[in-house]
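Enquirer: Sharing a sequence plus its predicted fold:
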Amino acid sequence: MIGTVRVEALSKTYQVRQRKGLFKSQKSSVEALQGVSLDVQAGEVFGLLGPNGAGKTTLIKILTTLLIPTAGDAWVNGYHVIRQENQVRASVGCMLMGERGLYWKLTGRENLEYFGALYYLSPVERRRRAQEILDLLGLKDLADRTVETYSSGQKMNLAFGKALINDAPLLVLDEPTNTLDVPSASELRAIVRNLNAQGKTIIYTTHIMSEAETLCKRVAIIDRGKLLAFGTINELKASLGRSQVTRIEGVISSKALAAIRQRPEVEQASRTNLETVDILTVVTRNGHESLPQLIETLSQTGALIQKIAPEEVTLEDVFIAKTGRTLAEDTSAR
């Protein structure tokens, strides 16, 4: 049971107040999770994927006993998250709030030793673990500086180190590369792979699908509180069948997007607006055969096409096929 997670029909509903004018407000319900069921196997890197506001953080807060579910059950390392919450906490290493979970007036070393004390490590053991983590993350030269003097990336690295202090069999990492530059993010992913090779089970949440493809064997895609897809990366890609993904760059209006979505061979279409170009991602059921019709439709609606690139199916394409949106289009808060 060590390193395993089992989730059965987990739901979480929040009661929130919405302001109506200056002095009035009314209550409404927000369903952050809706009947999610999944499992995490011992020794795997499991990806929990979805856009910001999908419900990922709500789920892992339940798994780490920070929230109580409205309905459903979950077990972590064989312990029930409500009835055996202390055992769950002792057997999990968590990175949930990034740099906000650190004490900025303490040094990096003091932060790690403090959190080691919360896990009842002896003074000798927590000093040893703190030094090992500082060496592992390249923070030894900063160890005795207060955290408020760290860069954002250095704070994120220390927050990651905090999750390692109790040497738990299960690590829960919530967007660990958020705010890191490319080299630092690559180094952190390498450390995650090494920890997994040592036998640790890792739940890795991210909204970056390409990151999940490089780390994870199995993934769950969550959006608006619902589990949309669950399985190995190859299984999810294969779920699109003969569907072809085509990316078209240029100047593409909302009118052109709407016209593409009306075509019978188009399963899903979404548009991402960048500073200098629009990127239209189209999932069609008959592959390259539909390309002339797509070009004709775009031309008729005044689109300016700069580049057309049929591509291999990715996890991002699976998400688009399930929702009709790119990850960038959903920024709703939960």
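Expert: Great, that's in hand.
Enquirer: Could you check how far Asn157 is from Thr214?
Expert: According to C-beta to C-beta, to the nearest Å, Asn157 stands 19 Å off from Thr214. Where C-beta positions appear, they are placed from N, C-alpha and C, glycine not excepted.
Enquirer: Likewise for Ser270?
Expert: Applying C-beta to C-beta to Ser270 and Thr214 gives a distance of 23 Å.
Enquirer: ok now the helix or strand containing Val282, how far from the chain's centre?
Expert: Val282 belongs to strand 278-284 when assigned by DSSP states H and E. Mean-position distance between strand 278-284 and its chain equals 23 Å (C-alpha atoms, centre = their mean, to the nearest Å).
Enquirer: Now the element after it, going C-ward?
Expert: Next element after strand 278-284 (DSSP H and E): helix 291-300.
Enquirer: Next, give phi and psi for Thr177.
Expert: phi -100, psi 10 (degrees, to the nearest 10).
Enquirer: what's near enough to touch it?
Expert: Met156, Ser184, Ala185, Leu188, Arg189, Thr206, Ile208, Glu211 (C-beta atoms under 8 Å, 6 or more residues apart in numbering).
Enquirer: Mind checking which of Ser270 and Thr214 has more residues around it?
Expert: Ser270 (23 against 12; other C-beta atoms under 10 Å).
Enquirer: and the more buried one, helix, strand or coil?
Expert: strand (DSSP: H, G, I helix; E, B strand; the rest coil).
Enquirer: again with Glu99
Expert: Assignment for Glu99 (three-state DSSP): helix.
Enquirer: Any idea how many residues pack against it?
Expert: Quick note: Glu99 (other C-beta under 10 Å) scores 18 neighbours.
Enquirer: Would you report the backbone torsion angles of the nearest residue to Ile133 once chain neighbours are set aside?
Expert: Spatial nearest neighbour of Ile133, excluding adjacent residues (C-beta to C-beta, 6 or more residues apart in numbering): Gly161 at 4.2 Å. With angles defined as degrees, to the nearest 10, Gly161 sits at phi -60, psi -40.
Enquirer: check contacts around Gly161.
Expert: Gly108, Leu112, Ile133, Leu134, Leu136, Leu137, Leu139.
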